[in-house]
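> Turn this into a model:
(4 chains)
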2 protein chains.
Amino acid sequence: MAQIQLKEALDSLKDTGVRITPQRHAILEYLINSMTHPTADDIYKALEGKFPNMSVATVYNNLRVFREVGLVKELTYGDSSSRFDFVTTHHYHVICESCDKIVDFHYPGLDEVEQLAAHVTGFKVSHHRMEIYGTCPECTNKGTH
Amino acid sequence: MAQIQLKEALDSLKDTGVRITPQRHAILEYLINSMTHPTADDIYKALEGKFPNMSVATVYNNLRVFREVGLVKELTYGDSSSRFDFVTTHHYHVICESCDKIVDFHYPGLDEVEQLAAHVTGFKVSHHRMEIYGTCPECTNKGTH
DNA sequence: TCTTATATTGTAATATTTATAATTAGTTTA
DNA sequence: TAAACTAATTATAAATATTACAATATAAGA
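Residues are numbered from 1 along each chain as shown, chains lettered A, B, ... in the order given. As a prediction, the model looks like this:
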């Protein structure tokens, strides 16, 4: 499964004329296998062993490339640095305000909202983002003990 | 209208035991009257004339206080600094990807989505955020000329 | 008015992200 | 396969946003 995703991602890079370097390969692989939603620094640190000379700029550059190609989504919350999510199927994120855990949440989508917004504002709507905030079960339990 | 909002905001500060300083008064007033969604620096610059000695830290401190009290919402997009929005009625934002204009968009809310997310993930859901992205009519027209 | 806790100021520090120039290395074509 | 071309990486510096801290000033209640 992960192998297929990686292969498709690499193909999609090739189609767009983006060169496939070992660093890009590794970053993509890490993003696909990562169950968390890492920051640029997380990725940098995780690949330090494999690429001792890799620059942090390379991570940022390639995350931007991946985002432009549509392979990766950038998640921005107020407090700290951006997080990055390999784009698979359409899903939203539920975020714990206590421990910052991010859980995927599949939902049919909000096409009607986009359509209404387009109608009301006159915008050509391209996409939307939504996140849901709350407290995860673990933190809820911790709080009551 | 704006006067009433300001008065209510100041009352709400008083109730919470937050001191009302001239700087806080001015920041709130600016946020309420502002049709845009200013950054901390926008606010700082706008009040420079009135408060030549005000520190940028004061702006940040007070925006955090206002957010904690629930008077102000912090909007974080990837690229640059946070933007701040005085909380009035429930509305979403439609953002132009070409000129960064932000337009308010009133919508009944997405309670069902919150409920489903709570059910599926086991979270205690507190709130959500959503933004819609696209191209505003002005930029669309500019593009076709 | 006096007191006290809180807010502001000014500055420095931190953190994140981007810019730049030199070097390195994919990819294409012969 | 080798050469050439272009894009990517590295290393570093800079830009930007935000927070921390200590000293001073001030809002609000007694």
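> Is the most centrally placed residue in chain A bridged to anything, and to what?
Among the residues of chain A, residue A:85 comes closest to the average C-alpha position under CA atoms, centre = their mean, at 1.4 Å. Beta-bridge pairing of residue A:85 under DSSP bridges involves residue A:73.
> where are the low-confidence patches of chain A?
Residue ranges of chain A with pLDDT under 70: A:1, A:78-79, A:89, A:108-109, A:143-145.
> who in it is up against DNA strand C?
By CB under 7 Å from any atom of the strand, the residues of chain A that approach DNA strand C are A:14, A:19-22, A:39-41, A:56-57, A:60, A:64, A:80-82. Where C-beta positions appear, they are placed from N, C-alpha and C, glycine not excepted.
> returning to what we had before: contact partners for the residue nearest to the centre of chain A?
Contact partners of residue A:85, counting by CB atoms under 8 Å, 6 or more residues apart in numbering or on different chains, are A:31, A:37, A:72, A:73, A:74, A:75, A:93.
> likewise residue A:135?
By CB under 8 Å, 6+ apart, the residues touching residue A:135 are A:96, A:97, A:98, A:143, B:123, B:124, B:126.
> Residue A:132 versus the spatially closest residue to it that is not a sequence neighbour, what's the distance?
Computed as CB to CB, 6 or more residues apart in numbering or on different chains, the closest residue to residue A:135 that is not its neighbour in sequence is residue B:124, at 4.5 Å. Residue B:124 sits 11 Å away from residue A:132, going by CB to CB, to the nearest Å.
> Comparing the two, which shows the higher neighbour count?
The neighbour comparison of residue B:124 against residue A:132 (other CB atoms under 10 Å in any protein chain shown) goes to residue A:132, with 25 against 16.
> so which strand or helix has residue A:127?
According to DSSP states H and E, residue A:127 maps onto strand A:124-135.
> thought the residue nearest to residue A:135 was touching residue A:140?
Yes. Residue B:124 is within contact range of residue A:140, at 5.6 Å (criterion: CB atoms under 8 Å).
> show me where chain A has helices.
A:2-15, A:22-33, A:40-46, A:56-69, A:111-121, A:137-144 (DSSP state H).
> And those helices: which comes nearest residue B:103?
helix A:111-121 (5.0 Å; CB to CB).
> Please write out the alpha-carbon positions of that closest one in CSV.
The C-alpha coordinates for helix A:111-121 follow below in CSV (Å, rounded to 0.1, in the frame of the first residue of the first chain):
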residue,chain,number,x,y,z
ASP,A,111,-19.7,20.8,-1.7
GLU,A,112,-22.9,22.5,-0.9
VAL,A,113,-21.1,25.0,1.3
GLU,A,114,-18.6,25.7,-1.4
GLN,A,115,-21.5,26.3,-3.9
LEU,A,116,-23.3,28.6,-1.6
ALA,A,117,-20.2,30.6,-0.8
ALA,A,118,-19.5,30.9,-4.6
HIS,A,119,-23.1,32.1,-5.1
VAL,A,120,-23.1,34.6,-2.3
THR,A,121,-19.7,36.1,-2.7
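> List the contacts of it.
With contact meaning CB under 8 Å, 6+ apart, helix A:111-121 is reached by A:123-125, A:127-128, B:92, B:94, B:103, B:105-107, B:110, B:130, B:132, B:134, B:136.
> how is chain A carved up into domains?
Chain A breaks down by automatic domain parsing into domains covering A:1-87, A:89-145.
> Tell me how far the shortest one lies from the chain's centre.
In this case it means domain A:89-145. 14 Å (CA atoms, centre = their mean, to the nearest Å).
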